[in-house]
Structure formats: structure tokens, C-alpha cells
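Asks: no sequence for this one, just the structure:
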């Protein structure tokens, strides 16, 4: 071998070594991203967090399977987003406690209030096209029904923005749904409170724009407004305006529920874990709570609106309309969504429910991260909160954290005045005793729960997180309890 050949061989070997090293880095990077996703999924599945933990202790992590069993939630589906795309979507449990058919990511659930931002996007699309004015009076655009006002409402106009932000002057109202064996009223019958509708007529009761008060009434009127303008059935216009452009191929506003989707539908369940009679209720208030969807479809909708707000897409809205949709206008209320935070911590969110179903959506636009979680149980909102805390822990979000609570000890005489029996109904009671530094409440037919001191009249439980307040009469005697669990409130009168 000559000196020239001897010089070439090491150079070739060096090039091969560098190539192998670079390929190793490339494949290691791919593997790392995949392994990171798997790690995050595992952390979520094994790392659900309760609402509170006691000072001096670490937050206790629970598995998703444990908490589904604890809350009697049959099925859950979720889609988690990162880097402005769906990173993973998984489903757990069963559609129906009787058939035990498993939930899959393609299972459709009632989306409750998550119907509202989807309907709001359609309204803003009409604004972009010049058919509606966001700050214009909607009364002149309604043909099939007319808005009426009480004397207390004043003479202010009802604006489209007011309908979308729950600030149009309508009283708080949640429509109850209609069992499958009962006739479904038309939307005008719902608006007028006419049979077979079993609700009161919609009427403005306070000056529009004076406050944001959660009510589904505004979106019921929005539904009629859009149908009048487009001169087409609401489900059809929603499919054309929003569902198809957003890639929501498994979603529908159709009523009655389409036969073709029935095999994929989850059934609703009550708080006690039992199947809802008829499997679900019908909601002619489609824009308020009538959407059926999957977690992935709802995530796709959120990602599309964010892409439009960033000027990267125009499938549904202009950039200005999309940004307006994600911007709080009255308190936390925006045009369909709610929003909080600033800079990288800014996020929009919404939770909703129908009879037997619950759902939640969160997205951080600056981070490109978020999640959609839907369940087929009325207890699902409690589980969804714990899942969000688990996702927050896995993805390092600034919000949705377990809260540390200090322990206090009151004088025994204070605990003693709360001891006794409290009546909720004729056959349901709360028996209160105290031990050491906490109260113990034994509901009829249920396991006892410890309640720790928040202040002299307020106490809280750990699992599940419940707050109670003891109420006193004018003489200072305890007369009852008020109990809060999320948006659920219950009162009990002291009888012993």
C-alpha cells in the first residue's frame, strides 16, 4: 500500500463514523419524542390529582382507572394537544354499563356547552361575510320570532356580542332536555314557551350589557337568528359553515340523532352510576347544547380557531374574528369561550354538561397546548378536573394545580354547636359529629366524610372536594348547612 492509499482509508473511516453518529442522533431524537409522548400518557393515566392537599403533605396521585371507579364514571375520551396539533387521543371504559361495549376515540358524546363556541364561530362567519354586525341590534334580523322585554330591561338594544357573551339581559336558564319518548318542540315553541315545550317564554329581564349571567337563552336566539339569515335548517348550515371546514367529520347538530352515528354513541349515566333512561335526552336548543362530537373533533375545532387567530388559516373565520373569539370581553366571558391569564399563561376554556354527560376544553395559544375531555357521566366534571390537573402536571401548565390547604384547630365549643342531624329531604339526612380537629358527616346510606376547618363557619373535605358552610339565625343559633360541590348546591335544615 502506498502512502496515498494509507491516507485515504482513515478519512473514509472518519466520514463513516460521523455519518453513523449523525444518524444515531437523528433516530435518538425521533425515539425521544415518541418516548416523551408515551411518558406523558403514562403520567396522565397514573397521575390524577385531587383538588386539595393538606399542608406538609405531598399531593397524592391516583390512577385514572381508580378515579373512574371512585366517581362511577363508565367512560372517558380525551385528546391532548401539543405543538399546535393533537399529540395523542385515547379512550377508557365503556359506552354503556349494560352492554359494556368499550369506548374508543371515535365514540361520540353529547358536547353540552361546547356547542356554544362552535355556534359562535358560525355567527362570526356571518359577520365576516357582512350579513351580521357583531355590535348591531339583532331584533331587525329575526323573522320567525320577536324579542320581548320586561320594564326592568330598559330600552337598550340586544347585540349579537351580547348573545355570545351571556350579557344580552336574559335571566339565568339551563334547558332541561326532553326524554326520548316525548315530542320535541320546535325552536319557536321553545322561544315562546308553548307546548310541547315545558319552559317559560324567553324575555329580557335586565338591561342588556349590564352583566354577564350564564344563560342558554342567548344561544337559543342565536340559533333562530342564523336559521333566519341563512334560510336553511340549523344543522345543515352548521355543517357547511363550521363542521366540515374544521374537519369535524364525526360531529353533528342533527335532531333526531342520525341512525348512522347511533352505533358509535355513548349512553349517559347518572351520579349513582346507573344508565340514563333512554340513554340520552334530546335538546332542540342545538346552539346551546345540541352538538354530538368526539374529543378529537373538538380539539380540531380549537386548533383551527387558533390557527386562524394566528393568520395561518381562513377556513372558517378571518384572523380578526378568530382573535375576537378568544378574547374575554365581560369578565372572563368571550364570544363563546371563556378566557383568563396573560402572555404565555393566557388560555381559553369551557366546561359543559347535559343530562348524563360532561365535557371540558382548555387551550393555551402561546404554548400550542391544550386538552379536550368528555365523559358519559354526571360525575364526569369532578373527574375531568382531576384529569386536567394530571395533564397540567405532565405538560407543566401554569394552571390546574392541586391547592395546598393549612390545618386549623378550633375551640371544642365551636365544633360542638355544629353537631346534630340535618335534613335534606324526608328520607335523606346528614349526621354531624366531631373528632379532634375535624367534623365527620355521615349522609344517609353513604360512607362518612371528614371535613377540615377553613374558618369558623366553613369546612372542606378532601375526597371529593366539597365545601360546607353552617348558617345561623338572628339569635346566633345554627339553623342549617349549605353544601357546594363545583356548581352543585345543596341545603339542609338542622332538626336535632
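Replies: Right, received. Where do you want to start? Here the structure is a predicted model, which is why all the values come from computation and not from measurement.
Asks: mind giving me the domain split of this protein?
Replies: 65-403, 412-494 (automatic domain parsing).
Asks: for the shortest one, measure first residue to last.
Replies: By Cα to Cα, to the nearest Å, the extent of domain 412-494 from end to end equals 19 Å.
Asks: swap in the longest one?
Replies: The separation between the terminal residues of domain 65-403, taken as Cα to Cα, is 23 Å.
Asks: what's the answer for stretch 83-100, then?
Replies: End-to-end distance (Cα to Cα), stretch 83-100: 35 Å.
Asks: show me how far it is from its chain's centre.
Replies: Centroid separation for stretch 83-100 versus its chain: 16 Å, with Cα atoms, centre = their mean, to the nearest Å.
Asks: can we start the residue count at 720 from this point?
Replies: Noted, 720 is the first residue going forward, which turns the last one into stretch 802-819.
Asks: buried residues of that stretch, list them for me.
Replies: If you call a residue buried by 16 or more other Cβ atoms under 10 Å, then stretch 802-819 has these buried ones: 803, 805-816. Just so you know, the C-beta spots here come from the backbone N, C-alpha and C atoms, and that holds for glycine as well.
Asks: among the residues you listed, which are located in strands?
Replies: If you go by DSSP state E, the buried residues of stretch 802-819 have 805, 806, 807, 808, 809, 810, 811, 812 in strands.
Asks: what's the spacing between residue 1015 and residue 825?
Replies: Going from residue 1015 to residue 825 by Cβ to Cβ, to the nearest Å gives 8 Å.
Asks: among these two, which residue is more densely surrounded?
Replies: Ranked by neighbour count (other Cβ atoms under 10 Å), residue 1015 and residue 825 place residue 1015 first, with 24 against 14.
Asks: my read: that one touches residue 798, true?
Replies: Yes - using Cβ atoms under 8 Å, residue 1015 makes contact with residue 798 at a distance of 4.6 Å.
Asks: quick one: the helices in the stretch 1070-1215 of the chain, in order.
Replies: Secondary structure of the stretch 1070-1215 of the chain by DSSP state H, counting those that start in this stretch: the helices cover 1099-1114, 1131-1137.
Asks: still on that earlier bit, farthest-separated two in the ones in strands among the buried residues of stretch 802-819?
Replies: Farthest-apart pair in those is 806 and 812; separation 21.2 Å (Cβ to Cβ).
Asks: tell me which residues in stretch 1173-1190 are buried?
Replies: Neighbour counts over stretch 1173-1190 (16+ other Cβ under 10 Å) mark 1178, 1179, 1180, 1181, 1183, 1184, 1185, 1187, 1189 as buried.
Asks: what mean pLDDT would you report for it?
Replies: When pLDDT is averaged over stretch 1173-1190, the result is 94.
Asks: again, but for stretch 1127-1139
Replies: Averaging pLDDT along stretch 1127-1139 yields 96.
Asks: ok, now stretch 980-1000?
Replies: What stretch 980-1000 shows for mean pLDDT is 96.
Asks: hmm, who's touching it?
Replies: Residues outside stretch 980-1000 that contact it (Cβ atoms under 8 Å, 6 or more residues apart in numbering) are 791-794, 814-817, 822, 825-829, 895-900, 969, 971, 976, 1011, 1073-1076, 1095-1098.
Asks: do the same with stretch 970-979
Replies: Residues outside stretch 970-979 that contact it (Cβ under 8 Å, 6+ apart) are 827, 830, 834, 903, 953-954, 957-958, 962, 980, 984, 999, 1001-1003, 1005, 1009-1013, 1016-1017.
Asks: buried among those? Need that as a selection in PyMOL.
Replies: Selection command for PyMOL covering only the buried members of the contacts of stretch 970-979, criterion 16+ other Cβ under 10 Å:
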select buried, resi 827+830+834+953+954+957+958+962+984+999+1001+1002+1003+1005+1009+1010+1011+1012+1013+1016+1017
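Asks: now which of the contacts of stretch 980-1000 would you call buried?
Replies: Buried members of the contacts of stretch 980-1000, counted by 16+ other Cβ under 10 Å: 791-794, 814-816, 822, 826-829, 896-897, 969, 971, 976, 1011, 1073-1076, 1095-1098.
Asks: could you pull out the helices for the stretch 920-1069 of the chain?
Replies: All helices of the stretch 920-1069 of the chain, identified by DSSP H, counting those that start in this stretch, fall at 936-949, 953-957, 1005-1008, 1014-1028, 1038-1044.
Asks: now those in TSV, with distance to residue 1118 and mean pLDDT?
Replies: Shown next, in TSV, are the helices of the stretch 920-1069 of the chain (distance: least, Cβ to Cβ, whole Å; pLDDT from 0 to 100):
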stretch	distance to residue 1118	mean pLDDT
helix 936-949	26	96
helix 953-957	31	97
helix 1005-1008	25	98
helix 1014-1028	16	98
helix 1038-1044	20	97
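Asks: closest one to residue 928 among those?
Replies: helix 936-949 (12.2 Å).
Asks: contacting residues around residue 1048?
Replies: Residue 1048 neighbours (Cβ under 8 Å, 6+ apart): 880, 884, 1054.
Asks: going by distance to residue 869, which of those residues wins?
Replies: Ranked by distance to residue 869 (Cβ to Cβ), these are led by residue 884 at 20.4 Å.
Asks: how about the closest one: what's its closest non-neighbour residue?
Replies: Closest residue to residue 884 apart from its sequence neighbours, by Cβ to Cβ, 6 or more residues apart in numbering: residue 1052 at 4.5 Å.
Asks: does that neighbour touch residue 930 like I think?
Replies: No - here residue 1052 does not reach residue 930: they are 10.1 Å apart, not a contact under Cβ under 8 Å.
Asks: the two: who's more crowded?
Replies: residue 1052 (18 against 12).
Asks: pLDDT score assigned to the more buried one?
Replies: Note on residue 1052: pLDDT of 93.
Asks: for it, give the beta-bridge partners.
Replies: When bridges are called by DSSP bridges, residue 1052 pairs up with residue 1049, residue 1057.
Asks: which residues touch it?
Replies: Counting by Cβ under 8 Å, 6+ apart, residue 1052 has contacts 884, 885, 886, 931.
Asks: which of these tops the neighbour count?
Replies: That'd be residue 886 among the contacts of residue 1052, by other Cβ under 10 Å, with 25 neighbours.
Asks: would you list the phi and psi of that residue?
Replies: Dihedral angles of residue 886 (phi, psi; degrees, to the nearest 10) stand at phi -130, psi 30.
Asks: ok, and the closest non-adjacent residue to it?
Replies: residue 931 (4.5 Å).
Asks: can you give me the pLDDT of the one you found?
Replies: Residue 931 carries a pLDDT score of 90 in this model.
Asks: quick one: residues contacting it.
Replies: Going by Cβ under 8 Å, 6+ apart, residue 931 touches 884, 885, 886, 1049, 1050, 1052.
Asks: need those residues in a markdown table (columns: distance to residue 873).
Replies: Below are these laid out as a markdown table (distance: Cβ to Cβ, whole Å):
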| residue | distance to residue 873 |
| --- | --- |
| 884 | 18 |
| 885 | 18 |
| 886 | 14 |
| 1049 | 17 |
| 1050 | 21 |
| 1052 | 21 |
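Asks: relative to residue 1136, which of the buried residues of stretch 1173-1190 is nearest.
Replies: For the buried residues of stretch 1173-1190, the nearest to residue 1136 is residue 1189 (8.2 Å; Cβ to Cβ).
Asks: tell me the contacts of that closest one?
Replies: 1137, 1176, 1197, 1199, 1200.
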